[in-house]
Each structure stands twice: as structure tokens, then as C-alpha cells.
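1. how does the following fold in three dimensions:
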Amino acid sequence: MMKRPTLAAIALLILTLSIYISRGVEAQVPDEPRVIAVDLDKITVYRGYQWIEVTAYIYIPPGGSIISLEGVVDLSAGIATTTPLAWVIPISPITKVVGNVSYSISNLLTARILVPYGAITGKGELIISISLAARVGDTTYTPSYVFRFPITILDHTPVERTRVEAQTRLENARTVVSILEAVGGISMSDLKASLDNLSARFGRADVHLYEEGEVDRALSIYDDVIRDSAGIVSQAIALFLSKQRESSLALETRLSGIEANISSSMARITALERSVASAAEAITTNEASIRNLASALANYSNTINSYLSTLDRSIVDTNRKIDNLAQTLSMAIGNMSTDMNNRFNNLSSALSQVQLAIVVVAVMMLVSTAIVGILRRI
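-> Below you'll find the model as predicted:
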């Protein structure tokens, strides 16, 4: 009976011989044109926003040439689309490693497979069909290939919701900052600069989404915009509340000062009321005094009027007496003048002119003495 280590050694020898024989067979296989690999840049896509880049690597041995090369890609995802593969010749050969073997590739088949909005989310399939005709030496090769790749199709609506939410949050943050800046009377230039940066980032996210098909990168930026917009709103509210708190403290201080001024004014008004009351009392007293004075003045006026009436009567009587006296004197002087004329006429012949003058002066003195005596009696 053989031991187990011996059986293991025999098995290892058989495996080594099989690998050697296999490599020898491969070495004897002629180098012929073929499609050595087909690559997809992604197998999970968002419908409507992303596409799948398909690249097929066509190997042609040295000295060989391509007679014809064509291929198509069929997308099966609830709907069916067919996209032809384009034959591309790189400027310089591309090195492609397959199974630890490096190949120099000078011919490619490429296509961009758009995943339309109408595709059903979930599992889909890409079917790549390639036909090749090539000549190596005197031999013509016409291989055909069919490659099948399962893909996963994601719903595009979450992307749209995230983008709309980011845009809405950004606009709301801009509106909140503008309103709080206007209402609070504070400058929020730093926050506005942050909003401008967020707007620029939002624009870059749109480029990633619509032009480059980098949905995950765009979603990451949209999430950042949402988060940062909320942070800016919080900062704006905090600044506004801080300003309002400062304004409230200032207002309380002003109100305290106003209250102190009102208390002082109330004390002054109370003192003024007392002064007004005292003034009113004094005015009342003065009014009584004025009434008494007016009464006294009225009595005095009546007395004066009585005196004046009596004086007027006295003056009237005196004037009448003077008039009577004047008439009496006039008559007396008239009679005296007549008498004197008669006497002068009788004496004119006997007296000289000088004597006549002396007589006239003497007579006039007598008349004056008589009038003064009469006036004194009056």
C-alpha cells in the first residue's frame, strides 16, 4: 500500500507536466489576428446622465493587415438601441496587457453608448458584436465575436432632486443673507463671498453632470452645496441675532436713560405744578386786591367827578361874576370916560398940555386901585 506523501508527489509531477505540455501547445499555436479584449469604462450608470465607453482592442500580428473591421453594440434595458463601433487608429501603438502578455495595439473599435431616460432601472445588458477580416502572410482570417456584459441602470430622479435641492438651498441662502443684511443693518460681505463660491461650485457640478457624465462627483458637490448653504444660513441668523442682541442692549440702555429723564422730568413737572398752584393762589389773591383797588378807584373816580362837577359850577359862577363885573366896570369906565371928557373939555382951555397928562395918569391910577380892590373882594 502506497503512502499518502508518495501520491501527493505523483500528483504534483502530473500537474507540472500538464502545464509544460499546455505551454508547448500554446507556443505552437500560430499568431493570428483577433480581438484580445473589450473594456467598459463603467457597468453602473444613471440613465439620462451617463453613458458607457466601449473599447475593443484588435491585435494584428507583425506583417499582417486588416481587410475589414466593423462592430455594433446593442443595449437591452427595457428598450433596445444599436450603436455602431467606430474604427480608430491611434497615433502611436497602445500597449495592452492581457493574461500577463503585452500586446501592441494599433487598431481600436470604440463607441459611447448613451443610456436614455426611457431605460428601465435595474439590470441591463450590452451585446457587442465584432467582425474582423485580416491577412497575415498568405492566410486570411475572418473571426467573429460576441461579448455580453451585464450592466446596472440607476434611476436619474434622485440626481435631479439633489440638484434641485442644492439650487434651492443656495438661492434660499442668498435670499436669507440679503434680507437679514437689509433688516439688521449689518454687513455680510464674507457670507456673500461664500455664496459666490458656492455658486461657482454648483456650476462646476453641472459641468460634471451634463458634459462629463460624472454623476457621483456632481452629486458630491451638490451635497456640499446643500450643507454649506445651510451653514451660511445658520451663520447669517447667528450674526443677525447677535446684532439684534446688541441693539436690544443698546435700546435697554437708552430706555433706562429715557426712564431716568422721565423721572427727572416728572419731578420737575411736579415742582412746576406746585409753582403753578402757588402762582394761581397768588393770582387769586392779587385778583381780590385788584378788585378792591378797582372799587377804591371807582369810588375815587366818583369823588373826583363830584369835585370836578362842583369846580365846573364854581368856574361857571366865577365866569359869570367876572362877566358881570366886566360889564359893570365897562359901564363905569364908560361913564367915567364921558365925564372926564367933559371935564377935559372944560379944563382944556385952562390947563397946559403937561398938566393934562398928569391929570390923566392920576385918574388911571385911581381906576387901577379901584379894580384891584374889587378883585380882592371877589
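
2. which residues touch residue 47?
-> Contacts for residue 47 (C-beta atoms under 8 Å, 6 or more residues apart in numbering) come out as 77, 115-119, 121, 153-156. C-beta: built from backbone N, CA, C; applies to glycine.

3. which among the residues you listed end up buried?
-> 77, 115, 119, 153-154, 156 (16 or more other C-beta atoms under 10 Å).

4. hmm, back to that, the contacts of residue 47 in strands, which ones?
-> 153-154 (DSSP state E).

5. could you dump the contacts of residue 47 to TSV with distance to residue 138 and pLDDT?
-> Converted to TSV, the contacts of residue 47 look like this (distance: C-beta to C-beta, whole Å; pLDDT from 0 to 100):
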residue	distance to residue 138	pLDDT
77	45	89
115	45	90
116	47	90
117	52	89
118	50	88
119	47	89
121	52	90
153	47	93
154	51	93
155	55	91
156	54	91
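
6. just the contacts of residue 47: which are in helices?
-> Here DSSP state H is the test, and the contacts of residue 47 give no hits in helices at all.

7. can you tell me which of the contacts of residue 47 is closest to residue 176?
-> Proximity of those to residue 176 (C-beta to C-beta) peaks at residue 156, which lies at 30.0 Å.

8. ok, the closest one touching residue 45?
-> No. The pair residue 156 / residue 45 is not scored as a contact, 9.6 Å apart, by C-beta atoms under 8 Å.

9. after the strand or helix carrying residue 69 comes which helix or strand?
-> Assigned by DSSP states H and E, residue 69 belongs to strand 64-76. Later in the chain than strand 64-76, the nearest helix or strand by DSSP H and E is strand 80-84.

10. list the buried ones in that following strand?
-> residue 83.

11. how far off centre is the next helix or strand after that strand?
-> Following strand 80-84 in sequence order, the next helix or strand is strand 86-88 (DSSP H and E). A distance of 58 Å separates the centroid of the chain from that of strand 86-88, by C-alpha atoms, centre = their mean, to the nearest Å.

12. by contact count, what packs against strand 86-88?
-> Contact here means 3 or more C-beta pairs under 8 Å, 6 or more residues apart in numbering; DSSP states H and E; on that basis strand 86-88 packs against strand 107-114.

13. average pLDDT for the strand it packs on?
-> Strand 107-114 shows a mean pLDDT of 94.

14. hmm, who's touching the strand holding residue 69?
-> 33, 54, 56, 58, 60, 80-85, 87, 107, 109, 111, 113, 115, 119, 124-137, 140.

15. that'll do, ta.
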